[in-house]
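> Have a look; sequence and predicted model below, questions after that.
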Amino acid sequence: MNTHTEENYLKAIYNLSRVKGEANVNELSKQLDIKMPTVNSMMKKLAEKGFIIHESYKPVRLTSKGEKEAALIIRKHRLTEMFLVEKMGFGWDEVHNIAEQIEHVQSPDFFAKMDQLLGYPKIDPHGSPIPDKNGKMEWVEYHKLNECKAGDIVNFKAVTHSSDDFLKFLNSRELLLGTTIKILSIEAFDGTMTIEYNKRKHEILSQLVCERILVAPIKK
């Protein structure tokens, strides 16, 4: 059985590898806010367990065993978030910290029942894919909103960051998953975007916000 700390490392390596294409010890140290010697010690331990391949001055790589283990931790986290939203009435901005605790529960039957009660969802409340019971994840490639151009009509599918502050910002703008967005104009200087959706006819979003919103095009 792995410790909570080991699971957090595996999840961090998985996510960094997905976002940046690779994970290194320095990035792990920054993301987890843990000193380098401690991170290096953990890399040795995870390598001994067969979860990673760690060579000096090279990125950390998950083995197939490590990738499956990390994906199953992410599965528990995302199923929990979905359960909290769908069955318990929590907002999508309230569930991350609770799921961080529940993801370490060592009971496959518990999460299998949760999956069943939810109707076997494919995505979590933030639009991220939920791995299946074998750790397989179905990725759908979306575009960042800031990659679109004026005149495009798109559907809001997911977020790249699920921090509470960002989700509360979206709530305050009534900008939720599934919303159809029309891009009216883009400021050349700083990428500020003017959009239209629902009853909001002239909403302005910064480039930072647009970078964190994932969308799919809607055919005109």
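Structure's in. What do you need?
> same for the strand or helix carrying residue 11, what does it pack against?
Taking DSSP states H and E as the criterion, residue 11 maps to helix 4-20. Under the contact criterion of 3 or more CB pairs under 8 Å, 6 or more residues apart in numbering; DSSP states H and E, helix 4-20 touches helix 25-32, helix 36-48, strand 61-62, helix 64-86. C-betas here are computed from N, CA, C, even on glycine.
> Point out the most buried one among those.
helix 64-86 (a mean of 21; mean count of other CB atoms under 10 Å).
> ok, back up a step: Throw the helices and strands packed on helix 4-20 into TSV and include distance to residue 105, thanks.
Shown next, in TSV, are the helices and strands packed on helix 4-20 (distance: least, CB to CB, whole Å):
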stretch	distance to residue 105
helix 25-32	21
helix 36-48	21
strand 61-62	22
helix 64-86	7
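> any chance of these in TSV, with distance to residue 164 and mean pLDDT too?
Listed next are the helices and strands packed on helix 4-20 as TSV, based on distance: least, CB to CB, whole Å; pLDDT from 0 to 100:
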stretch	distance to residue 164	mean pLDDT
helix 25-32	17	93
helix 36-48	26	95
strand 61-62	28	96
helix 64-86	13	97
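> out of those, which comes closest to residue 161?
helix 25-32 (13.0 Å; CB to CB).
> any idea how far that closest one is from the chain center?
Computed by CA atoms, centre = their mean, to the nearest Å, the chain-centroid distance of helix 25-32 equals 17 Å.
> Residue 182 and residue 72: what is the separation?
Relative to residue 72, residue 182 is positioned 40 Å away (CB to CB, to the nearest Å).
> Repeat that for residue 209.
Residue 209 sits at a distance of 32 Å from residue 72 (criterion: CB to CB).
> so where's the chain shaky on pLDDT?
Applying pLDDT under 70 to the chain flags residues 220.
> what does the domain assignment say about it?
Taking automatic domain parsing as the reference, the chain has its domains at 4-62, 143-217.
> Export these to TSV and append columns for distance to residue 99.
Converted to TSV, those look like this (distance: least, CB to CB, whole Å):
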stretch	distance to residue 99
domain 4-62	11
domain 143-217	10
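> what about residue 107, how many neighbours?
9 (other CB atoms under 10 Å).
> what do you get for residue 94?
17.
> Give me the buried positions along stretch 119-130.
The neighbour-count check on stretch 119-130 (16 or more other CB atoms under 10 Å) flags 123, 124, 125, 126, 127, 128, 129, 130 as buried.
> correction: stretch 6-17
In stretch 6-17, counting by 16+ other CB under 10 Å, buried: 6, 7, 8, 9, 10, 11, 12, 13, 14, 16, 17.
> So the closest residue to residue 112 other than its chain neighbours versus residue 141, what's the distance?
Nearest residue to residue 112, sequence neighbours excluded (CB to CB, 6 or more residues apart in numbering): residue 133, at 6.9 Å. Distance, residue 133 to residue 141, by CB to CB: 24 Å.
> what's the answer for residue 14, then?
Here the criterion is CB to CB. By it, residue 14 lies 18 Å from residue 141.
> what sits against the residue nearest to residue 112?
72, 75, 108, 112, 115 (CB atoms under 8 Å, 6 or more residues apart in numbering).
> give me that answer again for 10 Å
Going by CB atoms under 10 Å, 6 or more residues apart in numbering, residue 133 touches 72, 75, 108, 111, 112, 115, 120.
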